[in-house]
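Novice: build the 3D model from these lines:
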Amino acid sequence: MNIYKCFQRYKYKIFNNRILLTNFSYLAILQIFIMLSPLITYPYLIRVVGLELNGVVVFAQSISTYLSLIINFGFNIYGVRQVALYKEDQVELNRIISTIYTNKFIIWFFLLLGWLLLISKLQFFSQYYWAYFYSFFITFNELLFPVWLFQGLERMKYITIINVLVRSLFIILIFFVIKEKIDYYYVPLLNAIGALIAGLLSFWIVFVKLGFKYIIPSYSAMIFYVKEGFPLFISSVSIQIYTNINKLLVGGFLGMEDVSIYDFCEKIVSLVRMPVSIIYQTIFPKVSREKELVFVNKMMIIVFFINIILCSIIILLTPTIMNFVLGNVLRSGIIVILIMLISTIIAGINIFLGGCRLVAWGYSNTYSKIVIFNSFFFVGLIFCIYILDFISLYTIVILNLLTELFALYLYYTQNRKIGLLMSSK
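Specialist: A predicted model of the protein is given here:
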């Protein structure tokens, strides 16, 4: 009888959370595919175009990541929250979709003009003009693909299906198009074409399959969305300063070969970051609506132990993977990966203290202030190692570790002050 009751209880939990489980499954498939696809193409690209030119491509695409942040302007977080709140109101959803898309198109257009002027005038960019030119159009992914809409509607299957199809095409074309060193600039071109195809497919899903309509938004609505998204935009930029600017630092101070090595290490560590990303994207709409601290705490503990297990596996497999991808085992790369893994475990906790608490409970401004303060801390550390001439692959990743620890302290302090650590139930 007890076994029967236990079975019924778990059956009820699974049924009650079936949307979460479905979305988790789709995101898991996508993240696994995203995780494995670079390991398929990376060895080939390293051998054909070399570490230096591959570093140029990685460097250019890293810049496009920051351009995408500007286009995003916090809408990917604010949009999810709005869509999750009004998911049953078709008219309001039409307004949300139209306003976000219009704002993004305006930002994208002015960024394009500025970027073309920059890469034409500065020699640092003009010597690899086409790599930087094509890399800009990878921003089609941020401009056209409405992750915020599918996430808010809790229909992750669209994100998965489109991305898997487009990325599969990209992988196949890499082997057919890239034949010698001079072909390196085709890598960002193929990425840009893939982003455009994914965007057009998502347009078809949004405005044909799902039946949403574009409504010319009012000026006041557009300004309101910009104001609401601005604190989240500042937060996103600030987070990127101490999480993804490292490739730019490595490229600017150490060289493009080191960019390739750093990028490889980051891709290995992404194997651990995957579960956190999937779980966060899956539960954020639910947490924003229901605001259950018990649920958030349970998920945070689960993620922590998943990270510990995955880090242990990665440590054991790193030499084998490194030998397969790079053709040899680099001691420097192994040390960098170890430091990154420690940072990743701490970052997993920070996501649940920040996004799944402060943002979900409506403390976006508090969240933004913490992230901005954290970024200043990181920039201060960079200034110190620059003045002391200590810049290396090791010191750059150690700065990330120190910054994540500092962020953990700030998040914990604020959550404790507000009362978002433990449920009062």
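
Novice: so Tyr262 touches Ile245, yeah?
Specialist: No: shown here, Tyr262 and Ile245 do not form a contact pair, counting by C-beta atoms under 8 Å, at 11.6 Å. Every C-beta, even on glycine, is put in place using the N, C-alpha and C of the backbone.

Novice: compare these two (neighbour count), which wins?
Specialist: Neighbours per residue, other C-beta atoms under 10 Å: of Tyr262 and Ile245, the larger number sits with Tyr262, 25 against 20.

Novice: and the helices in the stretch 201-350 of the chain, which stretches?
Specialist: Ranges of helices within the stretch 201-350 of the chain are 219-243, 246-253, 256-290, 293-326, 331-353, based on DSSP state H, counting those that start in this stretch.

Novice: got a markdown table for those helices, with distance to Gln151 too?
Specialist: Output for those, formatted as a markdown table (distance: least, C-beta to C-beta, whole Å):
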| stretch | distance to Gln151 |
| --- | --- |
| helix 219-243 | 14 |
| helix 246-253 | 26 |
| helix 256-290 | 6 |
| helix 293-326 | 16 |
| helix 331-353 | 15 |
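
Novice: and of the ones you listed, who's closest to Phe373?
Specialist: Phe373 lies closest to helix 219-243 among the helices of the stretch 201-350 of the chain, at 8.5 Å (C-beta to C-beta).

Novice: what's next to that closest one, contact-wise?
Specialist: 65-66, 69-70, 72-75, 77-78, 95, 99-100, 102-103, 347, 359, 364-365, 367-368, 371-372, 374-375, 377-379, 399-400, 403 (C-beta atoms under 8 Å, 6 or more residues apart in numbering).

Novice: need the three-state assignment for Leu421.
Specialist: Per DSSP: H, G, I helix; E, B strand; the rest coil, the secondary structure class of Leu421 is coil.

Novice: for Val272, give its distance to Ile346.
Specialist: Distance from Val272 to Ile346, counting by C-beta to C-beta, to the nearest Å: 12 Å.

Novice: try Tyr409
Specialist: According to C-beta to C-beta, Tyr409 and Ile346 sit 10 Å apart.

Novice: mind showing which ranges of the stretch 101-250 of the chain have poor pLDDT?
Specialist: Applying pLDDT under 70 to the stretch 101-250 of the chain flags the ranges 154, 156, 158, 238-244.

Novice: pull the contacting residues for the closest residue to Glu92 other than its chain neighbours.
Specialist: In space, and not counting its chain neighbours, Glu92 is closest to Tyr86: 4.2 Å by C-beta to C-beta, 6 or more residues apart in numbering. Taking C-beta under 8 Å, 6+ apart as the criterion, Tyr86 is in contact with 92-93, 96.
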